[in-house]
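Peer 1: Build me a model from this:
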Amino acid sequence: MSTEATPATPPGGGGDTAYGRRFLILWIVASLIATPLVAIFLGPAIPPGNGSEQASGQVLGNTVLVSVLTPVTLFVLLFLAFSLSHFRGRGAPGEGPADRGGARIQVLWTVVTVAIVMSLAAFGAYELTKDGAGGGQGPSAAFLPPGHAQAMDVQVIGQQWAFTYRYPTFGGVETPHLVLPAHTLIRLHVTSLDVVHSFWAYQLGVKADANPGVDNVVYVQLKGPLTFQLRCAELCGLWHGYMFDTGQVVQPAAFKTWIRAEQAIYRPITEFLPAYATSYLPEPADRAG
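Peer 2: Here you go, the predicted structure:
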């Protein structure tokens, strides 16, 4: 008497073909229901939000990724559940029949996988290049957003353990807090005076390393008024964890009022700062002349 386990045959016969048809119908129905729900409700809730065009682009990219991932994840989970429920052994344990081949499934799986990966790569490359995507591009930005020639320059200066911000178009005044005008394209020049830091404006979708002697350019197209968090995202010494601040995006009129007040407050020390440059010597003593 044979002790080999035999998988059950579905009602109505048909063997593997019937099983495959039932699984595909289940997967397609589940994907048609789950994917729109993920794209509509989950995707837009993924950080960093919509404080800038770059941040919105990241939210869109994350939405596309989770939407594409949903049917793939459902396929794997449903296949596992379907196999456990329909192909478990009956009776005494034993060896099942050898199963070899399946070239059509292998080719189909490879083609579908390559198509998904290449499509996502093309989409990601487009999103990264059309506006810089909020990442530092070094001293010569390769991907320039529309209207980049009219961008407002702001310098981000990292030092242990704080960021300061210099406004070259407003007399080179340097302030301890970052305030930016809404609905404006900003060109950030990120640098450091000592060790390597990393400037991360979370809600703006901006992150760029601050390296001594290097001008790391990043573009950000701001939207409406917003309060955003600033952090150093590179371990930079003992008080790295305390290197954070809160920035603000305000209406242009409010920004003009604020920058005039900052110029008045810091005028006595602004004259002792070195002339504005995109990077400085790494020693604070040398920077002060």
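
Peer 1: Could you check how far A45 is from Q229?
Peer 2: 18 Å (CB to CB, to the nearest Å). C-beta coordinates here come from the backbone N, C-alpha and C atoms, glycine included.

Peer 1: and what of T257?
Peer 2: Distance from T257 to Q229, by CB to CB: 24 Å.

Peer 1: same question, H177
Peer 2: From H177 over to Q229 (counting by CB to CB), the distance is 13 Å.

Peer 1: Kindly report the same for F87.
Peer 2: 51 Å.

Peer 1: Mind listing what's buried along stretch 57-67?
Peer 2: Using 16 or more other CB atoms under 10 Å as the test for burial, stretch 57-67 gives 57-64, 66-67.

Peer 1: do stretch 115-135 as well
Peer 2: Quick answer for stretch 115-135 (16+ other CB under 10 Å): 127, 131-135.

Peer 1: Out of those, which is nearest to R187?
Peer 2: G132 (9.7 Å; CB to CB).

Peer 1: isn't that closest one right up against P145?
Peer 2: Yes. Under the contact definition of CB atoms under 8 Å, G132 touches P145, with a separation of 6.0 Å.

Peer 1: Show me whatever sits in contact with both of the two.
Peer 2: Y219 (CB atoms under 8 Å, 6 or more residues apart in numbering).

Peer 1: Low-confidence regions, this structure specifically.
Peer 2: Along the chain, segments meeting pLDDT under 70 span 1-16, 89-96, 282-289.

Peer 1: For the residue nearest the centre of the chain, which non-adjacent residue is closest in space?
Peer 2: The geometric centre of the chain, computed from its C-alpha atoms, lies nearest to Q58 (CA atoms, centre = their mean), at 5.1 Å. Once flanking residues are discounted, Q58 sits nearest to G205: 4.9 Å by CB to CB, 6 or more residues apart in numbering.

Peer 1: counting contacts, what elements does the host helix or strand of L32 pack onto?
Peer 2: Element membership for L32 (DSSP states H and E) is helix 15-37. Here helix 15-37 touches helix 53-86, going by 3 or more CB pairs under 8 Å, 6 or more residues apart in numbering; DSSP states H and E.

Peer 1: Against which helices or strands is the helix it packs on packed?
Peer 2: Counting by 3+ CB pairs under 8 Å, 6+ apart, helix 53-86 packs on helix 15-37, helix 103-131, strand 216-221.

Peer 1: For M243, which non-adjacent residue is closest in space?
Peer 2: C232 (3.9 Å).

Peer 1: So what's the residue count around the one you found?
Peer 2: Using other CB atoms under 10 Å, C232 has 25 other residues around it.

Peer 1: How is this protein divided into domains?
Peer 2: Listed domain ranges for the chain are 15-89+106-131, 148-287 (source: automatic domain parsing).

Peer 1: Serialize those domains to CSV and add fields for distance to A141.
Peer 2: Putting those into CSV (distance: least, CB to CB, whole Å) gives the following:
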stretch, distance to A141
domain 15-89+106-131, 11
domain 148-287, 5
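
Peer 1: wait, which of these is closest to P139?
Peer 2: P139 sits nearest to domain 148-287 of all the domains of the chain, at 4.4 Å, using CB to CB.

Peer 1: and Y202, how many neighbours does it have?
Peer 2: 19.

Peer 1: V76 versus that one, what's the distance?
Peer 2: 32 Å.

Peer 1: same question, A253
Peer 2: 54 Å.

Peer 1: ok, back up a step: distance check, the residue nearest to M243 against A162.
Peer 2: Taken as CB to CB, the span from C232 to A162 is 9 Å.

Peer 1: any shared contact partners between the two?
Peer 2: With CB under 8 Å, 6+ apart as the test, C232 and A162 both reach M243.

Peer 1: For S31, which residues are in contact?
Peer 2: 70-71, 74-75 are the contacts of S31 under CB under 8 Å, 6+ apart.
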